[in-house]
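K.L.:
sequence first, then the predicted structure:
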Amino acid sequence: MSGETVRKKLTIGYDETEYVCGKNAIEAENDEGTFIVSETISNIYPEKIKRFSEGKIIFVEDGENSKRIDNYEEVCRILMEREVERNSYLTYIGGGTIGDLSGFIASTYKRGLRLKAIPTTLLSQIDSSIGGKNGINFSGVKNAIGTFRNPERIVADTDFLMKNDQIIREGMAEIIKHGFSMDYTIIETLLNNDMESVKNGDILRDLIVKNADIKASVCNQDPYELLGRRYVLNFGHTVAHGIEAISRNSITHGAAVIYGIMYEMKMSEIYGMMKYDGISIMNKLMKRYGINKIEVSDEMLDGSLSYIMNDKKIRNGKITIPMATKPGMTNMAELKIEVFKELFLKAGRMM
């Protein structure tokens with residue numbers, strides 16, 4: 001899904017949900033399909049959910065717990081009972097975990113339902129709803145079973161972002177990642193604004209479009225994650241995924257990514273690749289947007305390093321990670337495991 005394609009599939013605006021999905025949608029199909037809805041979103045925005053036909057909704061809990069295999073089986077059972085046909089629409093309304101579950105169901109139930117996405121967090125609007133990856137957890141491993149399934153339509157309804165600034169802060173992690181690794185104008189935009197100006201003008205919409213384009217353009221080069229082109233999207237994520245796993249997801253993805261970006265910047269600096277003070281700029285952004293730095297103990301770092309040693313990017317005793325070089329640029333570094341461990345431990349002592 002290229003940047004051009006995602007713009008055709010992406011609808012952005014305040015309360016756009018009303019016009020795209022539901023009984024009164026201006027582009028309604030003969031069969032509006034089935035809706036998998038986050039229980040949290042249903043409780044916070046009951047007036048939106050009432051727009052959908054009651055008998056078409058399946059409510060699902062939020063978080064990684066929703067991605068259990070028994071939950072997948074339960075939703076498929078409901079679809080069977082309702083005699084949902086192949087090629088019917090399945091629309092999800094929720095964050096990234098709801099999208100992971102729904103995408104996997106859409107790609108496997110009767111070998112294919114048509115997928116629509118209404119991601120309700122900034123993180124999911126610019127990241128997880130784009131690129132097609134989905135999955136459920138199995139045997140204690142996150143996304144151990146999954147496929148690729150791109151939505152036919154993505155609706156980024158900014159109304160979902162307005163009640164809680166923390167939802168924007170969480171998504172800001174991926175925006176900042178794109179800025180430091182691929183497009184420094186994003187960082188300049190963030191430095192020239194603050195939370196209020198981002199929320200109350202066109203800046204938020206522009207950021208969603210730009211970051212969705214970046215994610216889609218990268219994924220289009222490597223749609224099934226076979227060529228290593230998506231590795232650039234992992235900037236900050238090698239460390240972040242370890243932190244998330246060891247904390248058993250008590251540390252959110254956004255908070256872990258912010259920490260991971262700073263940690264991997266320090267590793268790049270030690271390795272001699274980073275030629276500017278990116279960490280100082282990170283600190284300015286965090287202060288400007290009220291993003292708190294998490295506290296990570298030595299024990300957590302040790303556990304994270306052990307987790308990283310099973311990373312899928314490890315091949316033949318080497319791990320490939322994006323390293324910061326210049327503002328808006330990263331280079332891929334293929335490091336021997338011993339070198340990676342040394343950099344990781346040195347950075348940990350300096351954080």
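P.N.:
Happy to help now that I have it. Numbers count the residues shown, from 1 in each chain.

K.L.:
can you check the distance spanned by stretch 70-89, start to finish?
P.N.:
22 Å (Cα to Cα, to the nearest Å).

K.L.:
and what of stretch 198-209?
P.N.:
Terminal residues of stretch 198-209 are spaced 14 Å apart (Cα to Cα).

K.L.:
could I get the buried residue list for it?
P.N.:
For stretch 198-209, the neighbour count (16 or more other Cβ atoms under 10 Å) marks 198, 204, 207-209 as buried. For glycine as for every other residue, the C-beta is placed from the backbone atoms N, C-alpha and C.

K.L.:
residue 125 versus residue 182, what's the distance?
P.N.:
With distances taken as Cβ to Cβ, to the nearest Å, residue 182 is found 18 Å from residue 125.

K.L.:
and the two most separated of the buried residues of stretch 198-209?
P.N.:
Among these, the pair separated by the greatest distance (Cβ to Cβ) is 198 and 209, at 13.7 Å.

K.L.:
where in the chain is pLDDT low?
P.N.:
Low-confidence segments of the chain (pLDDT under 70): 1-8, 19-31.

K.L.:
domains of it?
P.N.:
3-161, 165-350 (automatic domain parsing).

K.L.:
any idea how far stretch 261-280 is from the chain center?
P.N.:
How far stretch 261-280 lies from its chain's middle: 23 Å, per Cα atoms, centre = their mean, to the nearest Å.

K.L.:
out of the buried residues of stretch 198-209, the closest to residue 243 would be?
P.N.:
Of all those, residue 243 sits closest to residue 207, with 25.0 Å by Cβ to Cβ.

K.L.:
in what helix or strand does that closest one lie?
P.N.:
Under the criterion of DSSP states H and E, residue 207 resides in helix 203-221.

K.L.:
what's in contact with that helix?
P.N.:
Helix 203-221 has contacts (Cβ atoms under 8 Å, 6 or more residues apart in numbering) with 1-3, 5-7, 10, 12-13, 122, 125-127, 130-132, 154, 156, 158, 161, 168, 174-175, 178, 182-183, 186, 189, 193, 197-198, 227, 229-230, 232-233.

K.L.:
ok, of the residues you listed, which come out buried?
P.N.:
1, 3, 6, 10, 12, 122, 125-127, 130-132, 154, 156, 158, 161, 168, 174-175, 178, 182-183, 186, 189, 193, 198, 230, 232-233.
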